[in-house]
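# Here is a sequence with its predicted model. Questions after.
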Amino acid sequence: MEELTGRLNETSLLGILRNQKRFIVTWSIATRTCRYAARPNRTSTKPPADVCCWLTCRQGERQRDRCHGLPQPHIWPEAGSRGTLLQALDDIREKGLAVSLSAKHIVGLAVPIYRAGQVIASLSVFLPESRFTDRHRTEILESLKAAARKINEWLEKEA
């Protein structure tokens, strides 16, 4: 994560879900003046990118249906009905990537972290929307996926 944050100079987080709440396990904060600043032990019931990624990659449809109501429109406008929510979650699972935009113009991108074939966490990068340009977007996606692969390989060796 330090390498990822150093390469991008954007904040990265490793998060898990427990009892429908998000817990940040560890983070690496960017040195930029304008940045997303993670807070230890921060919990949220809102679905930022890392939560969406974790849920959709880990849970089957039956479990997912039991755990989710519809998100509030100001949190996730694209998932305003059961059908659009399920479609959005299926798209995230298929791509192995979740992207969110908060009301405060913070973009979040997240990918799953696996151990023994199970999703155990998500690795995410958060940054101001103003820096989410085409060139930086490509660099972020490639770097985020590469970091997740390294973490996944390390966890498989430890399993």
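Sure thing, it's come through. Numbers count the residues shown, from 1 in each chain.

# And the helix or strand hosting Leu86, what's buried?
Assigned by DSSP states H and E, Leu86 belongs to helix 82-95. For helix 82-95, burial by neighbour count (16 or more other Cβ atoms under 10 Å) applies to 85-86, 88-89, 92-93. Glycine gets a C-beta too; all of them are placed from N, C-alpha and C.

# I'd like these laid out as a markdown table, including distance to Leu4.
Output for those, formatted as a markdown table (distance: Cβ to Cβ, whole Å):
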| residue | distance to Leu4 |
| --- | --- |
| Leu85 | 30 |
| Leu86 | 31 |
| Ala88 | 26 |
| Leu89 | 25 |
| Ile92 | 20 |
| Arg93 | 23 |
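
# what pLDDT, on average, does the longest helix along the chain get?
Criterion DSSP state H: the longest helix present in the chain is helix 134-158. In this model, helix 134-158 carries a mean pLDDT of 92.

# Pull the residues that contact it.
The contact list for helix 134-158 (Cβ atoms under 8 Å, 6 or more residues apart in numbering) reads 1, 3-4, 7-8, 10, 12, 97, 109, 111-116, 120, 123-125, 127, 132.

# Show me those residues that map onto strands.
Among the contacts of helix 134-158, DSSP state E puts 12, 109, 111-115, 120, 123-125, 127 in strands.

# from these, which two are the most distant?
Spatially, the most separated pair among those is Arg115 and Leu127, at 26.9 Å (Cβ to Cβ).

# neighbour-wise, which of these two wins?
Neighbours per residue (other Cβ atoms under 10 Å) separate Arg115 from Leu127, with Leu127 holding more: 25 against 15.

# so the more buried one bridges to which residues?
Per DSSP bridges, the residues bridged to Leu127 are Val107.

# Verify the stated contact: it with His105.
No - using Cβ atoms under 8 Å, Leu127 is not in contact with His105, being 9.9 Å away.
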